[in-house]
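In: Kindly return the folded structure for what I paste below:
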Amino acid sequence: MKTEQLFRKILISLIAFFISSVAITAIAQSQSTDEYQKTVRQLGAQTDYFYVSFNEPFTLNCAYGVAYISSDHKGLYVQLLAAKLSGKRISRIVYSQSNGPGSSCNVDLIEITD
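Out: Now for the predicted structure:
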(Lines give C-alpha, C1' and ligand atoms only; values in the text may rest on other atoms or scores of the structure.)
Protein backbone atom coordinates (compact mmCIF):
# COMPACT_ATOMS: atom_id res chain seq x y z
CA MET A 1 0.00 0.00 0.00
CA LYS A 2 1.29 3.39 -0.90
CA THR A 3 2.03 5.91 1.79
CA GLU A 4 -0.51 8.34 0.34
CA GLN A 5 -3.30 5.72 0.47
CA LEU A 6 -2.40 4.77 4.02
CA PHE A 7 -2.41 8.44 5.03
CA ARG A 8 -5.89 8.92 3.47
CA LYS A 9 -7.28 5.89 5.32
CA ILE A 10 -5.86 7.09 8.62
CA LEU A 11 -7.17 10.60 8.01
CA ILE A 12 -10.67 9.31 7.13
CA SER A 13 -10.67 7.10 10.22
CA LEU A 14 -9.67 10.01 12.45
CA ILE A 15 -12.35 12.25 10.95
CA ALA A 16 -15.00 9.55 11.42
CA PHE A 17 -13.88 9.02 15.01
CA PHE A 18 -14.01 12.75 15.74
CA ILE A 19 -17.50 13.14 14.23
CA SER A 20 -18.86 10.16 16.16
CA SER A 21 -17.31 11.47 19.40
CA VAL A 22 -18.94 14.87 18.93
CA ALA A 23 -22.31 13.24 18.15
CA ILE A 24 -22.10 10.99 21.23
CA THR A 25 -21.22 13.97 23.43
CA ALA A 26 -24.18 15.96 22.07
CA ILE A 27 -26.52 13.03 22.63
CA ALA A 28 -25.20 12.46 26.13
CA GLN A 29 -25.89 16.07 27.08
CA SER A 30 -29.48 15.97 25.81
CA GLN A 31 -31.97 14.74 28.39
CA SER A 32 -35.72 14.29 28.42
CA THR A 33 -37.79 13.48 31.46
CA ASP A 34 -41.37 12.80 32.49
CA GLU A 35 -42.65 14.24 35.75
CA TYR A 36 -46.00 13.89 37.45
CA GLN A 37 -48.37 15.81 39.74
CA LYS A 38 -47.13 19.37 39.47
CA THR A 39 -48.93 22.57 40.44
CA VAL A 40 -48.44 25.60 38.18
CA ARG A 41 -46.88 28.42 40.18
CA GLN A 42 -46.02 30.92 37.47
CA LEU A 43 -46.83 31.45 33.79
CA GLY A 44 -45.24 34.12 31.65
CA ALA A 45 -44.34 35.28 28.16
CA GLN A 46 -41.02 36.61 26.95
CA THR A 47 -40.52 37.64 23.31
CA ASP A 48 -41.34 34.53 21.24
CA TYR A 49 -41.51 32.12 24.20
CA PHE A 50 -43.82 31.29 27.04
CA TYR A 51 -42.49 29.88 30.31
CA VAL A 52 -43.77 27.98 33.33
CA SER A 53 -42.58 27.15 36.80
CA PHE A 54 -44.13 24.83 39.35
CA ASN A 55 -44.44 24.68 43.13
CA GLU A 56 -42.59 21.35 42.95
CA PRO A 57 -39.00 21.56 41.65
CA PHE A 58 -37.90 20.10 38.33
CA THR A 59 -35.79 16.95 38.42
CA LEU A 60 -33.41 18.46 35.87
CA ASN A 61 -31.51 21.64 36.72
CA CYS A 62 -33.37 24.01 34.36
CA ALA A 63 -32.10 27.56 33.91
CA TYR A 64 -33.98 30.02 36.12
CA GLY A 65 -36.19 27.18 37.42
CA VAL A 66 -38.54 27.46 34.44
CA ALA A 67 -39.36 25.47 31.32
CA TYR A 68 -39.93 27.27 28.02
CA ILE A 69 -42.58 26.75 25.37
CA SER A 70 -41.97 28.11 21.88
CA SER A 71 -44.68 30.25 20.32
CA ASP A 72 -45.43 27.59 17.70
CA HIS A 73 -46.53 25.24 20.52
CA LYS A 74 -49.22 27.49 22.00
CA GLY A 75 -51.43 24.49 22.71
CA LEU A 76 -49.07 23.50 25.51
CA TYR A 77 -49.35 26.96 27.04
CA VAL A 78 -53.14 26.79 26.77
CA GLN A 79 -53.10 23.52 28.74
CA LEU A 80 -50.98 25.11 31.46
CA LEU A 81 -53.23 28.16 31.59
CA ALA A 82 -56.31 25.93 31.88
CA ALA A 83 -54.71 24.06 34.77
CA LYS A 84 -53.74 27.29 36.52
CA LEU A 85 -57.20 28.85 36.14
CA SER A 86 -59.08 25.70 37.17
CA GLY A 87 -56.76 24.89 40.08
CA LYS A 88 -55.96 21.45 38.64
CA ARG A 89 -52.57 19.83 38.82
CA ILE A 90 -50.55 18.84 35.80
CA SER A 91 -50.77 15.06 35.83
CA ARG A 92 -47.79 14.69 33.47
CA ILE A 93 -45.21 16.97 31.90
CA VAL A 94 -42.46 15.90 29.52
CA TYR A 95 -39.63 18.35 28.99
CA SER A 96 -36.15 18.21 27.53
CA GLN A 97 -32.81 19.86 28.12
CA SER A 98 -30.37 19.75 25.23
CA ASN A 99 -27.36 21.68 26.51
CA GLY A 100 -26.62 19.97 29.80
CA PRO A 101 -27.35 20.86 33.43
CA GLY A 102 -28.21 24.49 34.11
CA SER A 103 -29.33 25.19 30.55
CA SER A 104 -32.87 25.96 29.40
CA CYS A 105 -35.57 23.30 29.40
CA ASN A 106 -38.31 23.01 26.79
CA VAL A 107 -41.80 21.59 27.34
CA ASP A 108 -42.74 18.78 24.94
CA LEU A 109 -46.00 17.46 26.45
CA ILE A 110 -48.62 18.49 29.02
CA GLU A 111 -51.46 16.35 30.42
CA ILE A 112 -54.24 17.25 32.82
CA THR A 113 -56.50 14.58 34.28
CA ASP A 114 -59.14 14.61 37.00
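In: residue boundaries of the helices in this protein?
Out: Taking DSSP state H to define them, one finds helices in the chain at 3-29, 74-86.
In: ok, of those, where does mean pLDDT dip lowest?
Out: Lowest mean pLDDT within those: helix 3-29, a mean of 54.
In: The residue lying closest to residue 59 once chain neighbours are set aside: neighbouring residues, count only.
Out: The shortest distance from residue 59 to any residue that is not its chain neighbour, by C-beta to C-beta, 6 or more residues apart in numbering, is 5.5 Å, and that residue is residue 33. Backbone N, C-alpha and C define where each C-beta goes, glycine included. Neighbour count of residue 33, defined by other C-beta atoms under 10 Å: 14.
In: which residues sit in contact with residue 33?
Out: The contact partners of residue 33, taken as C-beta atoms under 8 Å, 6 or more residues apart in numbering, are 59-60, 94-96.
In: So what's the residue count around the closest residue in space to residue 101 that isn't next to it in sequence?
Out: Counting by C-beta to C-beta, 6+ apart, residue 61 is the residue found nearest to residue 101 once chain neighbours are left out, at 4.5 Å. The burial count assigned to residue 61 is 13, neighbours taken as other C-beta under 10 Å.
In: Point to the residue nearest the middle of the protein.
Out: Residue closest to the mean C-alpha point of the chain, counted by C-alpha atoms, centre = their mean, is residue 96 at 2.0 Å.
In: Distance of it relative to residue 104?
Out: From residue 96 across to residue 104, the span is 10 Å (C-beta to C-beta, to the nearest Å).
In: what pLDDT does residue 114 get?
Out: Among the per-residue scores, residue 114 shows a pLDDT of 77.
In: Quick check: bridge partners of the nearest residue to residue 77 once chain neighbours are set aside?
Out: Spatially, and ignoring its direct neighbours in sequence, residue 77 is nearest to residue 50 (4.4 Å; C-beta to C-beta, 6+ apart). Under DSSP bridges, the beta-bridge partners of residue 50 are residue 45, residue 69.
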